[in-house]
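Enquirer: Below is the structure, and that's it, no one-letter string:
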């Protein structure tokens, strides 16, 4: 009987493994049909869609509960929408005739805009959480927001990994910064679930977690803002060196031109 059970288990396991491998191969073949740039644009479109849904659902849930964690999902939903639009602008709307260095500059500006938005939204959340702690306010209930949190956990993690993978392949700062919005959405959604558990023990759980999350968002946004500024400076310096090199090469060609050389010699003689 034990042998029969083990045989049955082994057969079921082999069937599951074969099904999983087949499913994985189908996904890989589907992913290979698109270029990394198309994946970046697709990720941005998905991010805009999920951002709109998160904003609408969390606004409805947060209005009834007064939770800083749920309102932070709203804030990050807005950031996901705007970040996705900037990524599409970078990879779909900008003409490919733009030079590589100019593209780096524009990408730095777009990344800086997303980072600035994160800092501003994080500051707003920090202020709200701090005032709630001072007034000793806590959310009425959190059960209505559990659906929003589960949605944020699943979509936030999946989109972060997806966008980070292709953003790294293309070395796109704006795509990587946009992926941070999904990562924060994932963290915030987990925190709402934690508050649901801890809130029964301490009234200040929602406010404290709001302060921690908002501080992290501000710090990471500021760090991305610095990186975007540094990339812009590097691109500008490289552009200046290229122009300097082109001027030197042009000057060499002018000096090697027999007609120009004869005119230079005449000017020296006379």
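Expert: Yep, that arrived. All values derive from a computational prediction rather than experimental measurement.
Enquirer: ranges for the helices of this protein?
Expert: Assigned by DSSP state H, the helices in the chain fall at 2-32, 36-65, 68-88, 100-134, 146-170, 173-198, 205-256, 258-269.
Enquirer: Identify, out of the ones you listed, the most deeply packed stretch.
Expert: helix 68-88 (a mean of 26; mean count of other Cβ atoms under 10 Å). Heads up, the C-betas are built off the backbone N, CA and C, glycines and all.
Enquirer: what's the neighbour count on residue 35?
Expert: 11 (other Cβ atoms under 10 Å).
Enquirer: Tell me the confidence at it?
Expert: pLDDT for residue 35: 84.
Enquirer: What about it? Give its phi and psi, please.
Expert: When read as degrees, to the nearest 10, the backbone of residue 35 gives phi -80, psi 160.
Enquirer: Let the chain start at 53 from now.
Expert: Sure, I'll start counting at 53 from here, so that last one is residue 87.
Enquirer: State the distance from residue 214 to residue 129.
Expert: As judged by Cβ to Cβ, to the nearest Å, residue 214 and residue 129 stand 18 Å apart.
Enquirer: now do residue 169
Expert: From residue 169 across to residue 129, the span is 12 Å (Cβ to Cβ).
Enquirer: again with residue 220
Expert: Residue 220 is 24 Å from residue 129, where distance means Cβ to Cβ.
Enquirer: And for residue 266?
Expert: From residue 266 to residue 129 the distance is 15 Å (Cβ to Cβ).
Enquirer: roughly how far apart are residue 176 and residue 230?
Expert: Distance, residue 176 to residue 230, using Cβ to Cβ: 20 Å.
Enquirer: now residue 170
Expert: The spacing between residue 170 and residue 230, counted by Cβ to Cβ, is 10 Å.
Enquirer: Residue 246 now?
Expert: 26 Å.
Enquirer: What mean pLDDT does stretch 276-295 get?
Expert: The average pLDDT for stretch 276-295 rounds to 76.
Enquirer: Could you list the low-pLDDT ranges of this structure?
Expert: Applying pLDDT under 70 to the chain flags residues 53-84, 114-121, 145-153, 190-197, 291-322.
Enquirer: could you redo the last one with a cut-off of 50?
Expert: 294-304, 306-307, 309-322 (pLDDT under 50).
Enquirer: where does residue 255 fall, phi/psi-wise?
Expert: Taking degrees, to the nearest 10 as the convention, residue 255 sits at phi -70, psi -20.
Enquirer: which residues does the residue nearest to residue 177 when sequence neighbours are not counted contact?
Expert: Counting by Cβ to Cβ, 6 or more residues apart in numbering, residue 177 lies nearest to residue 266, which is 4.0 Å off, once chain neighbours are set aside. Going by Cβ atoms under 8 Å, 6 or more residues apart in numbering, residue 266 touches 124, 174, 175, 177, 178, 181.
Enquirer: same thing with residue 227?
Expert: 92, 95, 96, 139, 142, 143, 215, 218, 219.
Enquirer: Closest one of those residues to residue 161?
Expert: residue 142 (9.5 Å; Cβ to Cβ).
Enquirer: what sits against the closest one?
Expert: Residue 142 is in contact with 158, 159, 162, 224, 226, 227, counting by Cβ under 8 Å, 6+ apart.
Enquirer: Repeat that for residue 239.
Expert: When contacts are counted by Cβ under 8 Å, 6+ apart, residue 239 is found next to 208, 265, 268.
Enquirer: how near is the second one to residue 144?
Expert: In this case it means residue 265. Using Cβ to Cβ, residue 265 is found at 32 Å from residue 144.
Enquirer: go on, the first one?
Expert: For residue 208, the distance to residue 144 under the criterion Cβ to Cβ works out to 23 Å.
Enquirer: Then the last one?
Expert: Between residue 268 and residue 144 the computed distance is 31 Å (Cβ to Cβ).
Enquirer: just residue 154 next, same as before
Expert: Using Cβ to Cβ, residue 154 is found at 17 Å from residue 144.
Enquirer: Likewise for residue 127?
Expert: Computed with Cβ to Cβ, the distance linking residue 127 and residue 144 is 26 Å.
Enquirer: go on, residue 124?
Expert: As judged by Cβ to Cβ, residue 124 and residue 144 stand 29 Å apart.
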